[in-house]
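build the 3D model from these lines:
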Amino acid sequence: MSEDVHQCLIFDTPKKDARLIGIEYIVTEKVFLSLPEDEKRLWHSHEYEVKSGVLFMPGLPSVAEKAQMKHLAKTYGKVFHFWQIDKGDTIPLGLPQLMMALTADGQLNPQLGKDVEERFHISFAENRKQRADLEGPDKGIHPSANPWLQGKGLVPEVLEVECVRNAADSSQTSSEL
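Sure, this is the predicted structure:
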């Protein structure tokens, strides 16, 4: 979209039959700091994911990947998953889920991490070593980001509201619309 705002589609696999399960919006620190405080609570920092090595770009040469990671380490993301494939859902059901990001060692299921490393032929430990010199946001991670670190989760909800219809709409049935 721009240098300050990116959008990413999240698929469950890199294969041709992959299912679109979510969307992530990524913004620079400058954009994040301009957001209202209530909005900031919906965002997570990327510094740990980048520096720990768990965020990677399959198929990208290491030099190009590191350049991208240098930028991403300073950004914030907002992720919604629409399809809970880990629950076995065959279609997207229920409300979208606001997702958190890893922020410290010990949060990633070790078996899941091992499976990812094997599937993509990567090493989180090697990535971590290669990215040790990268820096996070210039002003540090903002305290409003990553609200789950203070034990606060956020969930979307659906509220039923009255809809206003104009006169032309009220004379049509749903099959005529």
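
can you give me the helices in the chain?
29-34, 37-40, 47-52, 62-72, 110-120, 124-130, 167-170 (DSSP state H).

which one of these is the most hemmed in?
helix 47-52 (a mean of 21; mean count of other Cβ atoms under 10 Å). All C-beta atoms are positioned from the backbone trio N, CA, C, and that covers glycine.

so who does the closest residue to Arg131 other than its chain neighbours touch?
Sequence neighbours aside, Lys51 is the residue nearest to Arg131 in space, at 5.3 Å (criterion: Cβ to Cβ, 6 or more residues apart in numbering). Residues near Lys51 by Cβ atoms under 8 Å, 6 or more residues apart in numbering: 73, 128, 131-132, 134, 136.

go with 10 Å
With contacts defined as Cβ atoms under 10 Å, 6 or more residues apart in numbering, the neighbours of Lys51 are 69, 73, 127-128, 131-136.

which one among those gets closest to Ile26?
Ala73 (11.5 Å; Cβ to Cβ).

would you check that the closest one makes contact with Glu47?
Yes: the criterion here is Cβ atoms under 10 Å, and Ala73 meets it with Glu47 at 5.2 Å.

give me the common contacts of these two.
Counting by Cβ under 10 Å, 6+ apart, the residues touching both Ala73 and Glu47 are 134-137.

show me what contacts Met69?
Met69 neighbours (Cβ under 10 Å, 6+ apart): 46, 49-51, 53, 55-57, 60, 62, 127, 130-131, 134.

make it 6 Å
50, 131 (Cβ atoms under 6 Å, 6 or more residues apart in numbering).

ok, back up a step: filter the shared contacts of Ala73 and Glu47 to the buried ones?
Neighbour-count burial within these applies to 134, 136-137; the criterion is 16 or more other Cβ atoms under 10 Å.

can I get those in TSV including pLDDT?
Compiled in TSV, the buried ones among the shared contacts of Ala73 and Glu47 are given as follows (pLDDT from 0 to 100):
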residue	pLDDT
Leu134	97
Gly136	96
Pro137	96
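
which one of the residues you listed is nearest Arg165?
Among the buried ones among the shared contacts of Ala73 and Glu47, and counting by Cβ to Cβ, the member closest to Arg165 is Pro137, at 46.7 Å.
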